[in-house]
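Student: here's my sequence, what's the structure:
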Amino acid sequence: MPREERAGKENHEPRAARLKAKPGYRPEVQGLRALAVLMVVTYHVWLGRVSGGVDIFLLISAFLLTMSFVRKVEKGTPLRLVSHWLHLFKRLIPAAVVVILGVLAGTWLVLPQSRWPDVLNEAWASLLYGQNWLLANTAVDYYAQDHSGASPLQHFWSLSIQGQVFILWPLIFAGSALVWRLLRRRRDVSYRTVLMVAFGGIFTASLVFSIGQTASNQAYAYFDTRTRLWEFALGSLLALALPYLKPGKALRVVLGWAGLAAMISCGLLLTVDRSFPGFIALWPTLAAAAIIVAGQSGSRFGVDRILCSKPLVALGDNSYALYLWHWPVLVLSLAATGIEKPNLVQGLAIVAGSVVLAVLTTRFVEKPLREWHWPQLRAWRTAVVIVACGALLAGPVALWQTRLNAEEAAAAAQPRELTPGAAALAPENAGKPTPEATVIPAPAAMKNEWADIDGLCTDQNVPSDPLLNGCLQNSKPDKVTKRIVVLGDSHAQQYMAALGPIARDHGWEVVTLLKGNCRFGAESPERDADCNAFNKASAAYVMEHKPDAVFTVASLTHKEAPFETEVPGYLEGIKPFTDAGIDVVGVRDNPRFAINMPECVQKYGTAAPECNPPLGESLAARSPLDAYRGKVDGLRLMDMSDFICADGICPAVVGNVYVYKDDNHLTKTYVQSMIPMFEKRLLASTGWK
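Tutor: The predicted structure follows:
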């Protein structure tokens, strides 16, 4: 029969018949894949919690991959790894590129400019299957309730791990096949046995590593490929053992329903967000394994009757595209509407839009390329498709990044008099309008606006307490005239943009002991145990090293009323220092807001009321520092709020400089513009020369 006639006949066969003809095809697994993606989508859209659905995806992908390769080896079919990889990524990459291009269009239309650089970096990482490592290194909170502030490409982390395993696993199959051929010359050993040993070792090592890493650094472990390998290994072990697992009809029914109940209830019954991917991920993966073992129950009461239903199997066919689309549709929709969390109707609209896009992507991108075969030079032409898809994405991303870099450089090169920042609020500049200029820093540079500290503590400044291993210091002057220790959190760190340069000019050595969201003060129930322990260790360090002064932030601002209060246990915390003759500098805190201030400007403009909230909704009418005066000798108080808020408002932009890098941290650029005023007040409060 001619090729064209055979193709035509195959295309007119019923779909169900074609599927049954596929070796190893299991419709209940396709239905299980559909349920897993529904769990992921539902939990993301409405619950903001981990569902275990992604873990099931990982197991299923390894299960199917293992079945395919074992059949090849046992039949003596050449593995042709390069051809396999090309065919696989020819199917995966085009749909991913379409979604990423859609995300880039949505980013340009919806997201503020300060978020563009991160999205572009993640576009590269997603294309190259390295998104999980990028997110791990930036400690992304995957469980944040407000998804409107998340990256629309964040969900590519699991696809990146899968892509890495899709390269690694065939190498294991090939290596095991070589070992098997060597071993069977001497003893009767099966290929499955060799694989069992290999994947058993991977399962054990990875699970032990995952449990340890999840306990010590869960935010990193969540995205770490090494902590997820055991889930793939479990899927492979399941595929290898399945021919030997032959439960009866009644047990298949029980296994199927028990697995389904456990799978769906995982995220509902357990507070597992901060425990994945450690041992708790055994819950959804073993639940899915039970369903796969149940397989075709042969009973009308079996769960496979549901999993093999046409709607679920059809959804399973579109599961890859649905996973690709649901997250960016959710994130961009929330960002466009200003909604933090969708209600039932809004969520249904998001899900419906995602399903439509998924079906279109599968029908017109994924399926045609999967079924497209060339009679000659197939591998070479497949590689061309992959490279062309990559180039289709790489071109726009590279051009966009080049443009952003040029805009950043142009903004930074403006004459300083056009961007005076805090100097615009100085008395000598009162009444003088600030010339029109581009606001700095450019949105693309906002990620670099943390205050710089030169490096880790050295020599005698190295702490003995391991809690203080993050100790940082500025470069030691040739002649040290004073030694200062900075205590507290990121609001103390931000002032290093002023204190650091001033210290260099005066020959001061500055050491910083900082912990996020941990304002310095005596032990208090209002702080968590880790913060109290850190502050206790910091205080002991100060008493041991006896610096000339300690720098702190002496008030505490809030996003809601009361907008500013005293720091819990502040006077009790600094009293031992002052009693030892150490000066303590306490600076007033800066405002916190319910919105991201630079994004507000990028969306509404510098003059918008939303970006210029009233002073009364930012700081206390009477400074909490006033309550400290005269109570502790040696406490030197500083208030820089008049260079942050003025004329009854606390603006997002002053003197053509962004005051804030987010909703509560001052930009490095703005603090640097405060240096002359900061130095004057610091010297005045301490009496230093």
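
Student: how about the strands in the stretch 401-550 of the chain?
Tutor: Counting by DSSP state E, counting those that start in this stretch, the stretch 401-550 of the chain has strands at residues 455-456, 472-473, 482-488, 508-514, 549-553.

Student: dump these into CSV; add mean neighbour count, mean pLDDT and distance to residue 687 as well.
Tutor: Placement of C-beta: from N, CA and C, glycine included. Shown next, in CSV, are those (neighbours: other CB atoms under 10 Å; pLDDT from 0 to 100; distance: least, CB to CB, whole Å):
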stretch, mean neighbour count, mean pLDDT, distance to residue 687
strand 455-456, 11, 94, 30
strand 472-473, 21, 96, 24
strand 482-488, 23, 97, 12
strand 508-514, 23, 97, 15
strand 549-553, 24, 97, 11
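
Student: just for this structure, where's the confidence low?
Tutor: 1-24, 139-148, 270-274, 372-378, 429-433 (pLDDT under 70).

Student: still on that earlier bit, of the strands of the stretch 401-550 of the chain, which approaches residue 173 most closely?
Tutor: Judged by CB to CB, the one of the strands of the stretch 401-550 of the chain that comes nearest to residue 173 is strand 455-456, at 44.7 Å.

Student: packing partners for that closest one?
Tutor: With contacts taken as 3 or more CB pairs under 8 Å, 6 or more residues apart in numbering; DSSP states H and E, strand 455-456 sits against strand 472-473.

Student: now do the helix or strand hosting residue 106: distance to the chain's middle.
Tutor: According to DSSP states H and E, residue 106 maps onto helix 81-110. Distance, stretch centre to chain centre, for helix 81-110: 20 Å (CA atoms, centre = their mean, to the nearest Å).

Student: buried residues in it?
Tutor: Within helix 81-110, the residues that count as buried by 16 or more other CB atoms under 10 Å are 84-100, 102-104, 106-107, 110.

Student: repeat for stretch 307-317
Tutor: Of the residues in stretch 307-317, 307-308, 312-317 count as buried by neighbour count, 16+ other CB under 10 Å.

Student: thinking again about what came up before, I'd like the strands of the stretch 401-550 of the chain laid out as CSV, including distance to residue 682.
Tutor: Shown next, in CSV, are the strands of the stretch 401-550 of the chain (distance: least, CB to CB, whole Å):
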stretch, distance to residue 682
strand 455-456, 23
strand 472-473, 19
strand 482-488, 10
strand 508-514, 10
strand 549-553, 9
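
Student: out of those strands, which comes closest to residue 531?
Tutor: Smallest distance to residue 531 across the strands of the stretch 401-550 of the chain (CB to CB): 10.5 Å, for strand 482-488.

Student: next, the angle from that closest one to strand 508-514.
Tutor: Put simply, strand 482-488 runs at 20 degrees to strand 508-514, going by axes from the mean of the first three to the mean of the last three CA atoms, to 10 degrees.

Student: and strand 482-488, how far from the chain's centre?
Tutor: 32 Å.

Student: so who does the residue lying closest to residue 545 once chain neighbours are set aside touch?
Tutor: Closest residue in space to residue 545, ignoring its immediate chain neighbours: residue 485 at 7.1 Å, by CB to CB, 6 or more residues apart in numbering. Counting by CB atoms under 8 Å, 6 or more residues apart in numbering, residue 485 touches 510-513, 541-542, 545, 547, 549-551.

Student: what's the answer for residue 192, then?
Tutor: If you count contacts by CB under 8 Å, 6+ apart, residue 192 has them with 70, 240.

Student: may I ask you to name the longest helix in the protein?
Tutor: Longest helix of the chain, by residue count under DSSP state H: helix 378-412.

Student: and residue 660, how close does it get to residue 600?
Tutor: As judged by CB to CB, to the nearest Å, residue 660 and residue 600 stand 9 Å apart.

Student: what about these two, which has more around it?
Tutor: residue 660 (30 against 22; other CB atoms under 10 Å).

Student: quickly list what the more buried one is bridged to.
Tutor: residue 666 (DSSP bridges).

Student: can I get the contacts of residue 485 in JSON lines including distance to residue 684?
Tutor: Formatted as JSON lines, the contacts of residue 485 follow (distance: CB to CB, whole Å):
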{"residue": "510", "distance to residue 684": "19"}
{"residue": "511", "distance to residue 684": "24"}
{"residue": "512", "distance to residue 684": "23"}
{"residue": "513", "distance to residue 684": "26"}
{"residue": "541", "distance to residue 684": "28"}
{"residue": "542", "distance to residue 684": "24"}
{"residue": "545", "distance to residue 684": "26"}
{"residue": "547", "distance to residue 684": "20"}
{"residue": "549", "distance to residue 684": "14"}
{"residue": "550", "distance to residue 684": "18"}
{"residue": "551", "distance to residue 684": "15"}
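
Student: looking at those, which is nearest residue 285?
Tutor: Relative to residue 285, the closest of the contacts of residue 485 is residue 513; by CB to CB it sits at 41.9 Å.

Student: ok, now how distant is the residue lying closest to that closest one once chain neighbours are set aside from residue 564?
Tutor: Nearest residue to residue 513, sequence neighbours excluded (CB to CB, 6+ apart): residue 538, at 4.5 Å. Distance of residue 538 to residue 564, computed by CB to CB: 23 Å.
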